[in-house]
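Trainee: below are the sequence and a predicted model; questions follow.
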Amino acid sequence: MNPKKTTGQKAVLEYSKQQEPIKKAELGQLEDYLPLVKFIAGRLAIGLPRSVEAGDLINAGVVGLIEAYRNFDTSKGVKFDTYASLRVRGSILDELRSMDWVPRSVRARSHEVEKVLARIENELGRQPSEEELAGALGAEMAEYYEIIGDVSSTALLSLDEMAYEEGDDKAVPLIDTIRSPEPVNALG
C-alpha cells in the first residue's frame, strides 16, 4: 500500500478501528472502490456551501462503502457497484442531514413558500402582499405569520457580507454596521 494515504484510505482505516476489523484482503478490495466514493462525493458537493468539506463527504461515503461491502448479497443479482453507489450516496446524504440544524419539515415548507411566491409574482407582475401570499398558501394570517417565522429561520446571514450604510454609497462589512442600542460602558 502507498505510504501516503488518501482521505478515503484514512477513513477506511479509522472506521475499521471503531467497528469490526477489516481484513487486509477486504481492505484491498475496498480501496478499488474509493474512486467511486470520491466521484459520488464530488457530484453531491456541487451546489453545497463552501463550509461543507469534501473530506467529510468522502469519509461519510467510505462508511457507506464499508456497510455496503458487509451487507452485499450476491444472490440478489445486483452488481456490487450499483448497490455500493446507493449506499455511499445515502450515507453522504445522512451526514449532510445530520449537519443541518433546520428540521426537514421546515426545509420542505420553505421550498413550498418559495415556489408559491415565485408563481404569484409571475402572475401579478409584482411582489404579492402578505394577504395575497397567505391566500395562495391557503393559510389564515396567524398561520401565515407562523409559517414565515419558521421559514425565515432557514436563512443564514453572513456578517462578512458587504452592506451599504444609510446615506453612504461605500460598501462595508455587515458586522461594521451593527450598533448597540445603548452606550456601552467599557469599565463595567
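Mentor: Yep, it's here.
Trainee: count the residues that sit near residue 77.
Mentor: Neighbours of residue 77 under the rule other CB atoms under 10 Å: 6. C-beta: built from backbone N, CA, C; applies to glycine.
Trainee: no no, residue 122
Mentor: Neighbours around residue 122, by other CB under 10 Å: 8.
Trainee: state the pLDDT value of it.
Mentor: As predicted, residue 122 sits at a pLDDT of 91.
Trainee: and the gap between it and residue 111?
Mentor: 17 Å (CB to CB, to the nearest Å).
Trainee: equivalent analysis for residue 35, please.
Mentor: 33 Å.
Trainee: repeat that for residue 146.
Mentor: Counting by CB to CB, the gap from residue 146 to residue 111 is 17 Å.
Trainee: doesn't residue 106 make contact with residue 151?
Mentor: Yes: proximity of residue 151 to residue 106 meets the contact threshold set by CB atoms under 8 Å, at 7.0 Å.
Trainee: neighbour-wise, which of these two wins?
Mentor: Set residue 151 next to residue 106 and count neighbours by other CB under 10 Å: residue 151 wins out with 18 against 14.
Trainee: what about the closest residue to that one other than its chain neighbours, neighbour count?
Mentor: Of all residues not flanking residue 151 in the chain, residue 110 sits nearest, at 4.5 Å (CB to CB, 6 or more residues apart in numbering). Residues lying near residue 110 (other CB under 10 Å) number 18.
Trainee: cool, and residue 83?
Mentor: Residue 83, neighbours per other CB under 10 Å, totals 17.
Trainee: residue 128 sits in which helix or strand?
Mentor: For residue 128, there is no helix or strand it lies in under DSSP states H and E.
Trainee: surely it meets residue 119?
Mentor: No: between residue 128 and residue 119 there is no contact under CB under 8 Å: 9.7 Å.
Trainee: who touches both of the two?
Mentor: residue 136 (CB atoms under 8 Å, 6 or more residues apart in numbering).
Trainee: looking at these two, which is more packed in?
Mentor: Just comparing residue 128 and residue 119: by other CB under 10 Å the higher neighbour count belongs to residue 128, 17 against 12.
Trainee: just the buried positions in stretch 136-149, please.
Mentor: 136-137, 144, 147-148 (16 or more other CB atoms under 10 Å).
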